[in-house]
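Generate coordinates for the sequence data below:
(chains A and B)
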There are 2 protein chains.
Amino acid sequence: MVVLSKPIAAFAVFISLVSAQSFQRLGACPDLGCILPPDQADFLAGQRFDIRLEVHAPVNGSEATGNPNPDEKFEFTIERVGGHRGILSASKWFKIAEPKIEKWSFGWFEDYFARDAGKPSIVNVASKAYRKVYLDEAGEYKATLKYDGKTTTAIWTVRKMEEVRKTRNILFFIGDGMTTNMITAARLIGHKSKNGKYLSKMAMDSFPVLGHAMTHSVDTFMTDSANSATALYTGHKTTVNALGSYSDSSPSLFDDPKIESIVELFYRVYRGHVGIVSTAAVADATPAGLTAHTRDRNQAGYCVDSFIHGTPNYTWVDWDGPDVLFGGGAEQFYPGSRSYQGKDYYKEFSNAGYGVYLNNTSLQTAPNTERALGIFSVSHMSKWLDRNVWKENLEKQGNHPSGNRGDATDQPGLKEMTLKAIDILHTRSKADKRHSSQGWFLMSEAASIDKMMHLLDYDRALGDLLELDDTIKASIEKLKSLGELSKTLIVVTADHGHGFDVMGSVDTKYMDAQQDQRKKRNAIGVYEQSGLSEYINTGDLTYSEGSHFPTNWTPRYALFAGTAASTDRRENYRVHEHGPRLPTTNTPGRASNDYYANANDGQPGGFVVNGTLPTDQSQGVHSLTDVPVFAMGPCQELFGGVQNNIDIFFNMANCLGLSRTAHGKGQDPIGN
Amino acid sequence: MVVLSKPIAAFAVFISLVSAQSFQRLGACPDLGCILPPDQADFLAGQRFDIRLEVHAPVNGSEATGNPNPDEKFEFTIERVGGHRGILSASKWFKIAEPKIEKWSFGWFEDYFARDAGKPSIVNVASKAYRKVYLDEAGEYKATLKYDGKTTTAIWTVRKMEEVRKTRNILFFIGDGMTTNMITAARLIGHKSKNGKYLSKMAMDSFPVLGHAMTHSVDTFMTDSANSATALYTGHKTTVNALGSYSDSSPSLFDDPKIESIVELFYRVYRGHVGIVSTAAVADATPAGLTAHTRDRNQAGYCVDSFIHGTPNYTWVDWDGPDVLFGGGAEQFYPGSRSYQGKDYYKEFSNAGYGVYLNNTSLQTAPNTERALGIFSVSHMSKWLDRNVWKENLEKQGNHPSGNRGDATDQPGLKEMTLKAIDILHTRSKADKRHSSQGWFLMSEAASIDKMMHLLDYDRALGDLLELDDTIKASIEKLKSLGELSKTLIVVTADHGHGFDVMGSVDTKYMDAQQDQRKKRNAIGVYEQSGLSEYINTGDLTYSEGSHFPTNWTPRYALFAGTAASTDRRENYRVHEHGPRLPTTNTPGRASNDYYANANDGQPGGFVVNGTLPTDQSQGVHSLTDVPVFAMGPCQELFGGVQNNIDIFFNMANCLGLSRTAHGKGQDPIGN
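Coordinates of the predicted model:
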C-alpha cells in the first residue's frame, strides 16, 4: 500500500502520544474544547453518527495555561434552533445513557522547529463519546460544550430534502486522483482528431451535466483518498487518513467518532444491494471507506474484515456485506501477518455465502445469482498498460492472489469487473423477494490513475484513465441492454487531483542525440512546435471494438508532461516499457528517508531534474484543484456547477430517497 | 508584449522564406494541395470568410517529388451535399470573379536536426484566394481541389440553428490562461472557510451552468491566446499567433484568409453596440482578435488601427469601431515607431468621435452617451496586487499613457473599466434610435492571470483572478440595477491554461533558517501538514465592501504552488513585494537566448530548481488542459458539459440570432 503521509512519530514516554501533527493540536478543534462532528457539519436526517467531545489541558507549549488537568465535569447540550424541545443534555436529547468519562494524553508538534528538536507539546484530555445517535428533523442544531468556564459551540445542519426515491440504482465511478487536465491528455492520446475536431470523444465528454467538486479537508486544505472517500460516502469532511470517522486524539484507532456511509444507509433503509470494485487492493482507502470506520487507513486487515462484519467493536448499524467485492489485495485474505487476526478471509467470505474467484476466467463463469468475492492479485492490480501492451510485465511478479508466489497473469480489467458486478447486482436485485425495495449501488474505482501519478508514470496513469472511460462506455451499453439505463444515476468523479498537465511534445530522437544535459531540454517543443499527437495516428495495436486507446505508445514525438511539484527525477519522457516507473531511490550511505533521482530511471537519453518536494517524499503528492463531476440519469441536474465534495453524498442520498425525519414518510415508488 | 513563440527565422535568400515551423509544412495541410478553411471546419450560415488555396511543390526535403513547379491550373469546386446546385467552380458557386493566380516560395524545418543544420525544406507555391464569401444553407459542403492529378477534399459544415435572437446583450469574460486549478487556489486565499465549509464563494461558483472547453489548435495540440481568441470569436481554430484568420504560407502577413468575428457579425446584422476591455495592451491578442485579421499577432500597430478602421486592405465587412475600448498599450497610440504608420491614434480615435481618457479619474467622469477610448498605461496595465497592496510599485515605471515618461499612478482596475463600459453600452444602446436592434456585446479580459503565470508570479496571477471574480460579481449587481440581468447572457471562460497547481504550504520561517539547499525543501508541508490558509484569517487589509481578497499576502505559511513545466528558477514561495517576478535572466557571457535562474529572484531564503523547458524560454508556457466555462442568463443551457472552444462562438452567435440562411428569416424579438 502506498503510504501517503509522513510517518507518525512514536514516543516511548509515560504518556500515550498517538498523534504528531504539524500546525494543529487536533483537527477541527481550534479551542481547548472540541466537538466532533465539528461546527459547520452537515447531516442527512436519520443518518447515524457518533459524537466525540474532548476537553484539552495543554501541559506545555504555546497553549499551556498552567492547569494540566482537563475539566472532567464538562457539560454538553443540544438545541434545535427554532425547535420546541429547548436545550437538553445530549443524553436526554438522544434518550441514551450518559457515557463514561475517558482520559488520555497525547503529544503534537507545533511546527517543524519543534519536530527537529523532538519537543512535542503535551495535552491531557477528558472525553466522552455518544454512540450511534441521529438527528431527525431538518434544520439547524446548536451543540454546546461548557468546560472550565468556557464554551465551544458547533452549529450542525440537517439538510432538508424530499424523502422520495428517484433512482433505482447508482453507478458511482471514482477516478482516483483524476483531474480535468488528465482527461484532456487522455483524450489527446486516445482519440483521433483532424484539423482540431475530434473524430471520437471520451464517454465522459458526452455526459449531460458537469460539475466541479472542492476536495479540501476539514482541517487542512489538502486531502488524501481516505478523507475524501469519507466526504463522498458520508457527507462529512474529516482528516487525512481517516475512513468513515472523524479523527480524535485517543490512543485507539478504532474508537473515533463514526459516520454512517451511503451503503450502510442504503442497506439499513432499503436492504439495497451493494457492489464494490477497485483496481487497488480492496483494503485501500477508496473501496474500504464504504464500510470501515477508523482514523487510520493503514489498518488494512480491519478494513477487509469490515466489508463483511461491519463495525462490531461498538454498537453500529446493521450490515450484511456487499453482493460484490472485486479487486486486488490478496495479502489481507490469505492467512498471515497481514490478514485481520491472522484469519483466512477467503474462508470467511466463503462461509458468509460468497463465491470466491481468483482470476478473470473463473470470474466470468460465476453465477449472477450469488454473492461474489473476486481477488485477483497480491497488492494493487496490474495496470492497463501492462495487461494490454507489455504483457510480459505480468510475469515474475509473484503476485498470485492465492499467495503461492505464482504470477497473477489472468487478471480482469476494470471493465470486466464492473460489467460482471452489474450483472450480479442486477440479477440479485431482481430476484430479491425478501425486500420490496430493489436496486443497487455500485462503486467502481480506477485506482491506479492516482497510484501511477504518484510515481510520475503518466503513461500508465493515462492508460488507466482511458480504461475507466472505456468502462463507463461499456457500462452504459450494458445498462441499456438490461433496460436499467433510465433507472440508474451514473456519477463519475475523483477524490482529489495531482498537479499534472501537458505543455507540448518531446522529440525523443533529438533528445537522445544531445550529450549536454541542458541541450536535451531543447528537444522539447512548445506552442506551434508541439505538433500533433502521434500516439493515435500510427501503430498497429488494436483493442476491443469501439475502445479508444493509443495505438502507438512509443512515438518519436512523445508528450511533454509533468507535475507541478515533484521529487528529484530523471526525465526522458518515454513510456516505461518494463513496468511502473520508480522515480526515486534511497541512495546507499544516506538516510533511509532521503530520496534522490533513480539513476536507472529515465534511461536512455534523459536528464536530471531536482524536485521541490520534501526530500523524505519518495513520490509525487496530491494537489488542491477542484475535480470534475459528470452526471447522467435520474437527478443528474443536482450535480451541475461548483459544489463541495460532500454535496455528492447528499445528492446521491437525495436521489435514493435516504433522508428520514421523525415525521416524514419515506416513499419508494422505484423499489416496489 | 510577451513574445510567446520562438522567433521566426528569416532567410536572406532569393526565395521568400516566411515561415520556419518544426514538424509541419503548413498547418492543416497534410497533402500538397491545401484548402483553408480546412477539412472539418464549421461555419455560421452567412458568416463571411476568405478561402485560400495552395498547391505545394517541395523542392527538397523528404517530400520532394522531382517536380519543383506547382500545378498552376488547379481546379476548385464546391458542392452542397444533398443540395440541388450540383458541383460548381467556386467562382460560379459564389458568383464572383475567378481570382488571379499567385506564386511564392517558402521554407520550413522538418525537425530540430534540420533547424540546427540550418537546412530548410523549400516549397514553391501556386495559390488563389476567394475573398468575402459565405455559405447560406445549413448542411455539409464538399470543397474539392484538383491539382497534378491529385485531389484534396475539405468537408465544411454550416451549423443548423434557429435564426431567432434570444438575448439582448452578451457579457463575455475571458480570464486569460485561467484554469480550474487557479480558481481553486484563488478561492483558498480569498475566501474564509471554517471546518471545510466556505463562508463565502467565488462569483463564478454560483453560475448555474458549467462546461469545459477544449483549446487545442487546428495544427498543433497547444494554443496561444491569438489562436484561441480566433476560435472563441469566429468559431474557427487556426494556428498559433493567428488573429481572425487562418495562416497561409504567403509572404504577406495581411493576406491570410479572414473569418468574420462575433462583433463584426453583430454589427453587420444588427448594428449592435460593442465594448472591448482588457488589462493588457489593447493590441494584445485577446482584445485585438475581435477586429484584427492577420496571422501575426505581433503586428500591434495594425491591431490598434483595426479597431476603428477594420480591414481596409481587402474588401471586408462593414465595421464602425467599438463603443468602448479600454486597456493599456499607449505605445500604439501616441505617434512613434510603435504606432501604425507613425500616426497619433489618440487623434484618430478623437476624430472618429471618441472621448479619450488617460486615467481612472477622468474615465469616471466620461459621459455615458459617447464613445470612449481609455488607455491607461504604456504596455500592459499594472496588476491588482500593485494597484491595491504595494502601491509604491506604480511609481518610477515611466508608463504614463501620454508617453511623457511619467507614471501611470491613476489606473482603473478591471472592475472600474467593466462597470463603466456597461454604463456606456447600456446608455448608448438604449439611445440608439437609428436601429431597431438594440443591445450590446462586451468582452472583458483579465489578461494578467496569464501574464503573471508566465512569470511564475502566482500571487499576482491569483490577485488578478480574484479581481476578475470581483468584476463578475459587481457586473451582475450593475446589470440587476439596470434591469438588464435577465436579458444578458454572461459567459466566463479562458482561452488556454498553464499547468499550475497547489500542493501544500511552505513554512517560510523554517525555510529561511535552513542553510542547506536540500533541507530547505523540508519546509514544505504536504497532506495533513499543509494546514489551513493563512492568507485570509489574519492581516488587516480591507477592500471595497463585499470584495474578497487575501487580507495577508505575507503569511508565515505560504502556498506551495508551482507549474508542471518551468524555466530554471529560484523558489522561496513568498510574494514578490517589489513588482512582478522575473524568474530568469540572460547570464552575461552566454548566448542571449539561454536563460538561467535569476539570482535576484527568490530571495531571501530560496533554493535553485532546474527547469525542464527549452533553455531559450525565458518564462513559463501554456498547457493543454480543458478550461472551465461558466454561463448564466439566456441560453445558459447551451454551455454545459464538454465542448470545443469553437462551440462558445456558435453558442453565443446562436443566442444572438446571428445565423442567416438564404431562405431563413432572421427574427429579433429582443431588439424591437
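
from here on, contacts and neighbour counts on C-alpha atoms
Noted.

Export only the CA atoms of stretch A:338-347, formatted as CSV.
Extracted in CSV, the C-alpha atoms of stretch A:338-347 (Å, rounded to 0.1, in the frame of the first residue of the first chain):
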residue,chain,number,x,y,z
ARG,A,338,-1.4,-9.0,7.0
SER,A,339,-4.8,-10.5,7.4
TYR,A,340,-7.1,-9.5,10.3
GLN,A,341,-6.2,-11.6,13.4
GLY,A,342,-4.3,-13.9,11.0
LYS,A,343,-7.5,-15.4,9.7
ASP,A,344,-8.3,-16.8,6.2
TYR,A,345,-10.7,-14.3,4.7
TYR,A,346,-11.3,-16.4,1.6
LYS,A,347,-12.8,-18.9,4.0
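
Please work out which residues outside that stretch touch it.
With CA atoms under 8 Å, 6 or more residues apart in numbering or on different chains as the test, stretch A:338-347 has contacts from A:300-302, A:304-305, A:331-336, A:356.

buried stuff in that stretch?
Neighbour-count burial for stretch A:338-347, counted by 16 or more other CA atoms under 10 Å in any protein chain shown, picks out A:338-340, A:343-346.

gap between it and the chain center?
Mean-position distance between stretch A:338-347 and its chain equals 23 Å (CA atoms, centre = their mean, to the nearest Å).

Could you tell me the average pLDDT over that stretch, please?
The pLDDT scores in stretch A:338-347 average 97.

correct me, but residue A:511 touches residue A:520?
Yes - when contacts are counted by CA atoms under 8 Å, residue A:511 is listed as touching residue A:520 (4.8 Å).

related to what we said a few turns ago, what subset of the contacts of stretch A:338-347 is buried?
Using 16+ other CA under 10 Å as the burial test, these include A:300-302, A:304-305, A:331-335, A:356 as buried.

closest to chain B among the contacts of stretch A:338-347?
residue A:300 (20.1 Å; CA to the nearest CA).

I'd guessed residue A:615 sits against residue A:592; true?
No - in this structure, residue A:615 is not within contact of residue A:592 by CA under 8 Å, at 10.6 Å.

same question for the longest strand seen in chain A, mean pLDDT?
Longest strand in chain A by number of residues (criterion: DSSP state E): strand A:121-133. Strand A:121-133 comes out with an average pLDDT of 97.

quick revisit: okay if I get the buried residues of stretch A:338-347 as JSON lines plus secondary structure and distance to residue A:378?
JSON lines is the format used below for the buried residues of stretch A:338-347 (DSSP: H, G, I helix; E, B strand; the rest coil; distance: CA to CA, whole Å):
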{"residue": "A:338", "secondary structure": "coil", "distance to residue A:378": "11"}
{"residue": "A:339", "secondary structure": "coil", "distance to residue A:378": "12"}
{"residue": "A:340", "secondary structure": "helix", "distance to residue A:378": "16"}
{"residue": "A:343", "secondary structure": "coil", "distance to residue A:378": "16"}
{"residue": "A:344", "secondary structure": "coil", "distance to residue A:378": "14"}
{"residue": "A:345", "secondary structure": "helix", "distance to residue A:378": "14"}
{"residue": "A:346", "secondary structure": "helix", "distance to residue A:378": "13"}
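
Show me the common contact partners of residue A:511 and residue A:520, please.
residue A:606.

near chain B, which residues of the stretch 401-550 of chain A show up?
Proximity of the stretch 401-550 of chain A to chain B is confined to A:499-504, A:510, A:518-519, A:521-533 under the rule CA under 8 Å from any CA of the partner chain.

what does the model give residue A:110 for pLDDT?
Residue A:110 is given a pLDDT of 92.

Residue A:546 now?
86.

quick one: it is in a helix?
No - under DSSP: H, G, I helix; E, B strand; the rest coil, residue A:546 sits outside any helix and is assigned coil.

still on that earlier bit, counting by contacts, list what the longest strand of chain A packs against.
Under the contact definition 3 or more CA pairs under 8 Å, 6 or more residues apart in numbering or on different chains; DSSP states H and E, strand A:121-133 sits against strand A:49-58, strand A:102-108.
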